[in-house]
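Student: build me a model from this:
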Amino acid sequence: MSKHRQARPTVVLVGRPNVGKSTLFNRITSTRRAIVNAAPGTTRDVIAHEAEWRGVGFMLVDTGGMFGASEDPLHDLVVEHGRRAIGSADLIVFLVDGREGLVSGDEEIAHAVRHEGVPVVLAVNKTDDRRARDRALEFYQFGFDPVVEIAAEHGQGVGDLLDEVIAQLPRRADLRTPAEGDERESAPAEIAVAIVGRPNVGKSSLVNQLLKEERVMVSDMPGTTRDAVDALLRWHRRTFRIVDTAGIRRAGRVGQSGQVEAVSVLVARRAIARADVAVLVIDANEGATDQDGAIAGEAERVGCGIIIAVNKWDLVRGRGQEFVKRFDEELRRQLKFLEYAPLLHISARTGERTPKLLEAIDRVAAARTRRVATGELNRFIEAVTARHPPASPGLREVRILYAAQTGIEPPTFVLFTNVATRLHFSYERFLINRLREAFGFEGTPIRLEVRRRAGSRKAQ
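Tutor: Predicted coordinates:
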């Protein structure tokens, strides 16, 4: 019988807007997952990331600016998701601003976390400023123990804070990260899935539907999601890390929407770069746009697998088979460079065909790591080129003498030819399509490199 490790304990960061929660989150997790900006309330969604200190693993959660006054029209949603996160905490890190000293908002938070019944570590931030160190004493009146002085931006005192965190965590036998050679079964490799698309096409609703919980805020307001919000989904012995990204607008529109949205787009692009599979979500009422093509192009450029998910299909399903045929043909025409990507009609609202989406993600992720044996590959190349000889710009005769797969994620092949040249783009596309058909490279880009075999003559 297989052994399963229990979930890591949860450490939740709380505090007023702009006290440095996102900076501390990024420092502890060694990431730039949370957007750091001087504007209060920048973080909306609850974001989480695995962290480790002295061999003890835990899940670190940033609750966003859920406390204090806010002009954000989505503040009520921020509060609701933040409270849910606090309710799941094994330990709370209550972060305050030493430069500002104790203010009424801190008292409100102290009252809220005191009644959660879990350990609380009070962290006084920005104490690299001498005035802040003097004011840190004000916070002792809350009665929390321990109190740790830190400077999250520069890392000062963060190690001391983490020492206190792991000392206060519930004593559980499974907290320590397994060492190399540990007999316990290691967790399966994660498949990173980025949910991408334009604003307001239903990305967050799709994530919530896949996870079967209200993990991400959903609103009709474009730009609701700012951070790349991720969560683990276990499905049929697979582990998917689902990442909901901010809607990517055209570059000109980002500038008009302010610095926070510009950073959100950058975070979304980073999520695509880290993904194994990108799910491009398209609104069934609007069809594909040039911007959808640009987003998909970014995914194709970095080499991650791609699936096209046409969302809100429940709103157009009754229009008949002729509509479906025309819609799909037009979509394929607009995104013709994605002819290899699986196309699914789904509804994030009703859950229609979302299990099929998970199946497609699994297939595409597997295709990105598929290897073809050298002998099998060369027999395939010999048969294909015998029927359709290679074409090259300016050269009459090009022979592919040998082929080898040199990489995966995405699958990469090197073709050794008799002359130093490049293949005509149409012939290269032909070969890629044949490789895809023969070896099942569904939904993944394929890279081809052409090299002259040593000893062969150069092109004239």
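Student: got a list of what the most centrally placed residue in the chain touches?
Tutor: By Cα atoms, centre = their mean, the chain has its centre lying nearest to Val243, at 3.5 Å. Contacts for Val243 (Cβ atoms under 8 Å, 6 or more residues apart in numbering) come out as Ala192, Val193, Ala194, Ile195, Ala228, Val229, Asp230, Ala271, Arg274, Ala275. For glycine as for every other residue, the C-beta is placed from the backbone atoms N, C-alpha and C.
Student: the closest residue to the last one other than its chain neighbours: which element?
Tutor: Which is Ala275. Distances taken as Cβ to Cβ, 6 or more residues apart in numbering put Ala194 closest to Ala275, at 3.8 Å, once the chain neighbours are dropped. If you go by DSSP states H and E, Ala194 is part of strand 190-196.
Student: list the buried residues of that strand.
Tutor: Ile191, Ala192, Val193, Ala194, Ile195, Val196 (16 or more other Cβ atoms under 10 Å).
Student: quick check, Ala136 in contact with Gly98.
Tutor: Yes. Under the criterion of Cβ atoms under 8 Å, Ala136 makes contact with Gly98 at 5.0 Å.
Student: what sits against Glu322?
Tutor: Applying Cβ under 8 Å, 6+ apart, no residues contact Glu322.
Student: make 744 the starting number, not 1.
Tutor: Done: numbering now begins at 744, and the last item shifts to Glu1065.
Student: list phi and psi for it.
Tutor: phi -60, psi -40 (degrees, to the nearest 10).
Student: got it, and the one 5 residues further on?
Tutor: Backbone dihedrals for Phe1070, given as degrees, to the nearest 10, come out at phi -60, psi -50.
Student: now it: closest residue in space that isn't a chain neighbour?
Tutor: Counting by Cβ to Cβ, 6+ apart, the residue nearest Phe1070 is Gly1030, at 6.9 Å.
Student: hey, where'd the helices end up in this structure?
Tutor: 764-772, 818-830, 847-857, 873-878, 901-911, 946-954, 994-1000, 1002-1017, 1033-1045, 1064-1077, 1097-1111, 1117-1130, 1168-1182 (DSSP state H).
Student: show me what the fifth one is packed up against.
Tutor: It stands for helix 901-911. If you count contacts as 3 or more Cβ pairs under 8 Å, 6 or more residues apart in numbering; DSSP states H and E, helix 901-911 packs onto helix 764-772, strand 790-796, strand 799-805, strand 834-840, strand 863-868, strand 890-892.
Student: which residues does Asp840 contact?
Tutor: Per Cβ under 8 Å, 6+ apart, neighbours of Asp840: Gly758, Arg759, Asn761, Val762, Gly763, Asn868, Lys869, Ala875.
Student: which one among these gets closest to Thr1149?
Tutor: Gly763 (45.5 Å; Cβ to Cβ).
Student: just give me the neighbour total for Asn1028.
Tutor: 12 (other Cβ atoms under 10 Å).
Student: can you list the domains in this protein?
Tutor: The record, using automatic domain parsing to delimit domains, assigns the chain the ranges 753-911, 933-1111, 1117-1195.
Student: can you redo these as JSON lines with mean pLDDT?
Tutor: Formatted as JSON lines, the domains of the chain follow (pLDDT from 0 to 100):
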{"stretch": "domain 753-911", "mean pLDDT": "79"}
{"stretch": "domain 933-1111", "mean pLDDT": "80"}
{"stretch": "domain 1117-1195", "mean pLDDT": "90"}
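Student: how many residues are close by Thr1164?
Tutor: Neighbours of Thr1164 (other Cβ under 10 Å): 18.
Student: just checking, Arg1106 touches Gly1186?
Tutor: Yes. Using Cβ under 8 Å, Arg1106 is in contact with Gly1186, at 7.0 Å.
Student: list residues touching both of these two?
Tutor: With Cβ under 8 Å, 6+ apart, Arg1106 and Gly1186 have common neighbours Pro1085.
Student: what residues are up against the closest residue to Gly841 other than its chain neighbours?
Tutor: Using Cβ to Cβ, 6+ apart and skipping residues adjacent in sequence, the residue nearest Gly841 is Ala875, 3.2 Å away. Shown in contact with Ala875 (Cβ under 8 Å, 6+ apart): Asp840, Gly841, Arg842, Val867, Lys869.
Student: try it again at 7 Å.
Tutor: Gly841, Arg842, Lys869 (Cβ atoms under 7 Å, 6 or more residues apart in numbering).
Student: what about it, distance to Val863?
Tutor: Using Cβ to Cβ, to the nearest Å, Ala875 is found at 20 Å from Val863.
Student: and what of Arg1195?
Tutor: From Arg1195 to Val863 the distance is 67 Å (Cβ to Cβ).
Student: between these two, who's got more neighbours?
Tutor: Val863 (20 against 16).
Student: number of nearby residues for Lys1055?
Tutor: 22.
Student: give me every residue that touches it.
Tutor: Gly945, Asp1026, Ala1027, Asn1028, Ser1090.
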